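Chemist: sequence plus the predicted model coming up.
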Amino acid sequence: MNNNLLKVKVCKLYYKNGLSKIEIGKKLRISRFKVAKLLDEAVKEGVVNITINEPKDTYLDLENSLEERFKIYRAVVVGTSFSYEETRRNIGVGAANCLIGMVYDNDTVGIAWGTTIYEMVSSLPASVNRSNISVVQLTGGLNQVSADFNAIELTSKVAKIFDAKSYQLYAPAIVDSEETKKVLFSESNIKKTIEMFNTVNIAVVGIGSVIPKPSSMLYRDGFIGKNDFESILSSNAVGDINSYFYDENGERCETELEGRTIGMNLDQLRRVRYTIGVAGGESKVDAIYSALKGKIVNLIVTDNKTAEAVLDKH
């Protein structure tokens, strides 16, 4: 049998009959290395044409481009819809599917707060079958934001879905003074949750923007005052995660507000094995880009127009 016919024979046995390379080698009395070489040559020479039937409304090329550009574990890109609210819901569904696929037995999951994370939690099924899961609240909350978007409520819901042990952070996201923060950190329940930060191996966080316009509910609810906001702007901040601010390179911005913020900070987030950033929209492009550039997050769930705009930045 000449080499070309042998090549075709090997391809039919491999691709149509489903035989392994070892099985083909035994059948044709050639080595499995020869089989592998013939298969590689067949693809290169066009003897075999591999077609991937990609489902409609997927953005695999964008996902691959984000993963390659920022050297991250994974990107999930969903469709941009006619309204930001609908786009946010799409991102929530994508984030929920991503989280379910990532969580295994014995994992510790950290949950932050925000409207897009609320959409993710709302998109999770009523229960997910995993064993020995812990869920940790990553940022303070209490009465500073709507109950639906509050980290306490979101953490509780995720814990219930995974039948997990829940570690709550019963403290405001931002307190009045560093002394107040120190006092809260010494309280046993809060201290235990803070200690659990070191065990988190999957974190889910929202990404807030500062420029071109602020997106955080803390601004909209008036909790960050004018002086604090001016300090944030003067530090060249472009975004925030867990109410900790960072610049265009993803480096932390040193502000007085940082000493009064309660939650997992940026350095702690970088030490988490998988940190999933969940965000989309035109106003978030700079913040998402810088969070990826600075390795604050190493997975991203966003929409296609935002993904394209992030990739267009240099």
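Modeler: That came through fine. Numbers count the residues shown, from 1 in each chain.
Chemist: look at the spatially most central residue of the chain and report its pLDDT.
Modeler: Centroid-nearest residue in the chain, with CA atoms, centre = their mean: residue 276, separated by 1.8 Å. Reported pLDDT at residue 276 in the predicted model: 97.
Chemist: now do the contacts for it.
Modeler: 95, 98-99, 102, 202-205, 297, 299-301 (CB atoms under 8 Å, 6 or more residues apart in numbering). No exception for glycine: its C-beta is placed from N, CA and C like everyone else's.
Chemist: point out where the stretch 201-314 of the chain drops to low pLDDT.
Modeler: 215-223, 225 (pLDDT under 70).
Chemist: kindly report the same for the stretch 1-150 of the chain.
Modeler: 1, 53-57, 142-148.
Chemist: can you give me the helices for it?
Modeler: Secondary structure of the stretch 1-150 of the chain (DSSP state H, counting those that start in this stretch): helices at 3-11, 21-28, 32-45, 60-70, 84-102, 115-123.
Chemist: right, so the ones you listed: which one is the most enclosed?
Modeler: Each of the helices of the stretch 1-150 of the chain was scored by mean neighbour count; the highest is helix 115-123, a mean of 22, by mean count of other CB atoms under 10 Å.
Chemist: off-centre distance for that one?
Modeler: 13 Å (CA atoms, centre = their mean, to the nearest Å).
Chemist: for it, give me every contacting residue.
Modeler: Residues contacting helix 115-123 (CB under 8 Å, 6+ apart): 88-89, 91-93, 95-97, 99, 111, 148-149, 154, 157-158, 161, 204-206, 217, 278-280.
Chemist: before we move on, the earlier item: distance to residue 170 added to the helices of the stretch 1-150 of the chain, as JSON lines?
Modeler: As requested, the helices of the stretch 1-150 of the chain are exported to JSON lines (distance: least, CB to CB, whole Å):
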{"stretch": "helix 3-11", "distance to residue 170": "63"}
{"stretch": "helix 21-28", "distance to residue 170": "58"}
{"stretch": "helix 32-45", "distance to residue 170": "59"}
{"stretch": "helix 60-70", "distance to residue 170": "35"}
{"stretch": "helix 84-102", "distance to residue 170": "24"}
{"stretch": "helix 115-123", "distance to residue 170": "19"}
